[in-house]
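**Q** Structure of the sequence below:
(one chain, ligands or ions: 1)
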Amino acid sequence: MLSSLAYSLAKSGRKVLIFERDLTPPDRIVGELLQPGGCMRLQRLGLQHCLDNIDSFDVQGYRVFWGSQSVDIPYPERETEMHWFEDEKRSPERLQKLEETNRLDKRQEGRSFHHGRFVDSLRRAAIAQDNVTMIEGAVNELLTCASTGRTLGVRATPRPGQTNAGDKRTAETFDYFAPLTFIADGCFSKFRRQLLPEALQPVVRSNFVGLILEHADMPSPGHGHVILRKGGNLRADERGVGPVLVYQLSKDETRMLVDVPGAKPPSMANGELKEYLRKHVTPSLPLQLLPSFNAALESQVPSHRLRSMPCSYLPPKSQGTQAEGAIIAGDAMNMRHPLTGGGMTVALNDVCILTELLGGGKRVGEIETGIDGLQVIDLSEWDHIRKALKTWHWKRKGVASVINVLAQALYSLFSADDASLEVLKTGCFKYFELGGERLMGPVVLLAAIAPSPMLLVYHFFSVAFYSIYVLFTQPRSLTKGIDNAASISEPGLLQYPMLAVRSVMVFAVACRVLLPYMFSEAILVYLHRKTHDIAKYCTNRRSLTGSDCSYICSK
Ligand SMILES: Cc1cc2nc3c(=O)[nH]c(=O)nc-3n(C[C@H](O)[C@H](O)[C@H](O)COP(=O)(O)OP(=O)(O)OC[C@H]3O[C@@H](n4cnc5c(N)ncnc54)[C@H](O)[C@@H]3O)c2cc1C
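**A** So this is what the prediction gives:
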């Protein structure tokens, strides 16, 4: 996130100093698939060239596998983007450009790549700006004013030979001062507690274990594969695996991420993890993937070793009142389950909004910066920043909260560990099978093409009701998983009261899955505010033009 923010702030006229602990391209199992909504954000920032020459791979959608069945979920046509920029100024040039792109290429695309190559490309774009200085070194602490508590800058240890500027405190440590400090130090943030003392701790529900498959025979090339566990409930002593993601990183290499429920995965050192994967992943995998999966488990290539990362949820927190002089962003401030690959899209969306609100007045890509168009914000005036932060907090929700809630709710369904969730998982799969709007609605949310909290709520509860319908009409497919359905008889009349009780439980579980996240993301407050804003906008617009504004009202 930091490089894209440094780039856009610099383009808008700010002078930026950026610290990065290690400037070698990171070798991690995170951030390898950028949703179409993220690609659009990159384009808005003028950074789309960072996806070129990194051996990235076009992603045209998903295929969800469940037992012997699968359903394709293609990304929608490009026109959908027209309705996307809900909160933003839609300039005639942008609409014209979109129309031109539509004529050339009809379908939205995401991109997958080696995370390190993409990050390196973003860093190079940032460093190429005259007013960006990038220093390789670790930030050790924040410098604060003793009387006001305001953050004044950072104390950092540059790698030897990096700089000879600054106040020398010890042999290698320097103090750096700035009117405004951004902290985006990732999921294991060291400064989160200090800047957001009231924020909740991240909750880890599972870990993703990453493998690299070489020359994998992909069942649906150009698509992300989501593989759901076969069968119904597990025994209490059986841990099982959650969903498995598979997507190509380049022509030869394919990433597999296996979700292992629980706060800690089995030990890698004593070989438990390998055995665990062999036992639990093999039965769910499409046969085509088995040879490359087995080879990956035995791979001796150091960069292909098994690795794991926690999948955390951290709701966002409004800023501006607690700590002055600093802004915390990226995973350090807000995280969601990586199942839907939405983290970088949220980060890029944040960069767009922050650039617009805090920018130095020059246009960046397609973004006009400064609160009122080209008005420059004085970064040393905290009152201005506080207002901008409040706006950011609410404005980002349209995208961030939808992605966050969707990721958490889908994860609950796809990792179903009780009978009611299993019913919802089946219902969800069958809902996708219906196609049309039932497929396009969820995918525009997932791809962050048309994120809308109302659309999310609508499709989530549609899935819940459809699951109940399936429970009554096709109970075979729900009792023991789709592949064992034939062995179960249809319910007799006497079983209907039982099904009615189960359907109430299913609905209650659906509410339990969605509502806590809706509350922690304050989506209802957001919707209330938005309705208020739209009503105000409509009234103003009517009085100005006398025309109807059905497009905006219909949002
Ligand atoms: C398993 C997994 C898979 C994921 N897959 C996807 C995906 O496919 N698509 C997607 O969009 N998102 C994905 N995400 C989420 C995505 O990786 C994050 O949302 C994104 O990387 C957040 O960016 P960030 O800049 O906040 O943090 P990071 O990318 O973690 O960057 C933080 C940077 O800060 C530096 N740093 C930390 N501390 C210091 C310090 N003290 N001094 C100097 N530098 C420091 C680090 O070196 C690092 O470079 C995934 C997450 C996980 C856990």
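**Q** which ones are touching whichever residue of the stretch 51-200 of the chain sits closest to the ligand?
**A** Using C-beta to the nearest ligand atom, the closest approach of the stretch 51-200 of the chain to the ligand is made by G186 at 2.7 Å. (Glycine included, C-beta is placed from N, CA and C.) By C-beta atoms under 8 Å, 6 or more residues apart in numbering, the residues touching G186 are G330, D331, A332.
**Q** looking at this, it is in a helix?
**A** No - applying DSSP: H, G, I helix; E, B strand; the rest coil, one finds G186 to be coil, outside a helix.
**Q** Show the model's pLDDT score for it.
**A** Note on G186: pLDDT of 95.
**Q** Strands of the stretch 201-350 of the chain, start to end?
**A** Applying DSSP state E, counting those that start in this stretch to the stretch 201-350 of the chain gives strands spanning 203-214, 223-228, 244-248, 253-261, 307-313, 326-328.
**Q** Could you list the low-pLDDT ranges of the protein?
**A** 78-107, 161-171, 230-240, 370-375, 475-494, 532-555 (pLDDT under 70).
**Q** Give me the domain ranges for it.
**A** What the TED database lists as the domains of the chain is 1-84+107-160+172-200+313-368+375-396, 203-310, 403-478+490-536.
**Q** what's the residue closest to the geometric middle of this structure?
**A** G342 (1.8 Å; C-alpha atoms, centre = their mean).
**Q** Would you mind pulling the contact partners of stretch 312-320?
**A** 187, 195-196, 198-205, 327-328, 331, 333-337, 385-387, 389-390, 393, 396-397, 400-401, 404, 408, 517, 520-521.
**Q** now with 7 Å?
**A** 187, 196, 198-200, 202-205, 327-328, 333-337, 385-386, 389-390, 393, 400, 408, 520-521 (C-beta atoms under 7 Å, 6 or more residues apart in numbering).
**Q** Please indicate which of those are buried?
**A** 187, 196, 199, 202, 204-205, 327-328, 333-337, 385, 389, 393, 400, 408, 520-521 (16 or more other C-beta atoms under 10 Å).
**Q** Switch the strands of the stretch 201-350 of the chain over to TSV; also include distance to the ligand.
**A** Compiled in TSV, the strands of the stretch 201-350 of the chain are given as follows (distance: least, C-beta to the nearest ligand atom, whole Å):
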stretch	distance to the ligand
strand 203-214	4
strand 223-228	9
strand 244-248	8
strand 253-261	6
strand 307-313	4
strand 326-328	10
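**Q** Not counting its neighbours along the chain, what's nearest R438?
**A** Y431 (5.3 Å; C-beta to C-beta, 6 or more residues apart in numbering).
**Q** so that neighbour touches F465, yeah?
**A** No - Y431 is beyond contact range of F465, at 9.6 Å (criterion: C-beta atoms under 7 Å).
**Q** Neighbour count for these two, which is higher?
**A** Y431 (24 against 15; other C-beta atoms under 10 Å).
**Q** and the more buried one, what is it in contact with?
**A** If you count contacts by C-beta under 7 Å, 6+ apart, then Y431 has R438, S462, V463, Y466 around it.
**Q** Secondary structure element for it, which one?
**A** helix 419-433 (DSSP states H and E).
**Q** buried sites along that helix?
**A** In helix 419-433, counting by 16+ other C-beta under 10 Å, buried: 420-432.
**Q** The ligand contacts on this protein?
**A** Proximity of the chain to the ligand, by C-beta under 6 Å from any ligand atom, involves residues 1-2, 19-22, 29-34, 138-139, 184-187, 190, 208, 309, 311, 330-332, 338, 341-345, 347.
**Q** are any of these buried, and which?
**A** Buried, going by 16+ other C-beta under 10 Å: 1-2, 19-20, 29-34, 138-139, 184-187, 208, 309, 311, 330-332, 338, 341-345, 347, out of these.
**Q** What backbone torsions are found at Q69?
**A** phi -100, psi 160 (degrees, to the nearest 10).
**Q** Check the one 5 residues further on too.
**A** Main-chain dihedrals, P74, degrees, to the nearest 10: phi -80, psi 150.
**Q** right, and it touches R63 too?
**A** No - counting by C-beta under 7 Å, P74 stays clear of R63, with 9.3 Å between them.
**Q** Comparing those two, which residue is more hemmed in?
**A** Ranked by neighbour count (other C-beta under 10 Å), P74 and R63 place R63 first, with 20 against 16.
**Q** I'd like the distance between the closest residue to that one other than its chain neighbours and Q60.
**A** Computed as C-beta to C-beta, 6+ apart, the closest residue to R63 that is not its neighbour in sequence is S220, at 4.3 Å. Remark: distance between S220 and Q60 (C-beta to C-beta, to the nearest Å) = 9 Å.
**Q** can you check T355 too?
**A** Counting by C-beta to C-beta, the gap from T355 to Q60 is 29 Å.
**Q** Looking at these two, which is more packed in?
**A** T355 (26 against 17).
**Q** OK, contacts around the more buried one?
**A** Counting by C-beta under 7 Å, 6+ apart, T355 has contacts S8, L9, S12, V364, I367, T369.
**Q** Now restrict those residues to buried residues only.
**A** Buried among the contacts of T355 (16+ other C-beta under 10 Å): S8, L9, S12, V364, I367, T369.
**Q** Most widely separated two among those residues?
**A** L9 and I367 (11.3 Å; C-beta to C-beta).
**Q** Okay, helices next: where are they in the stretch 251-400 of the chain?
**A** 272-281, 290-298, 343-358, 382-395, 397-414 (DSSP state H, counting those that start in this stretch).
**Q** Against which helices or strands is the second one packed?
**A** Secondary structure elements in contact with helix 290-298, counted by 3 or more C-beta pairs under 7 Å, 6 or more residues apart in numbering; DSSP states H and E, are strand 203-214, helix 272-281.
**Q** ok, now the last one?
**A** When contacts are defined as 3+ C-beta pairs under 7 Å, 6+ apart, helix 397-414 packs onto helix 343-358, helix 419-433, helix 437-446, helix 453-473, helix 496-520, helix 523-545.
**Q** and what of the first one?
**A** Other elements packing on helix 272-281 under the criterion 3+ C-beta pairs under 7 Å, 6+ apart are helix 290-298.
**Q** Now with 8 Å, please.
**A** Packing contacts for helix 272-281, counted by 3 or more C-beta pairs under 8 Å, 6 or more residues apart in numbering; DSSP states H and E, involve strand 203-214, strand 253-261, helix 290-298.
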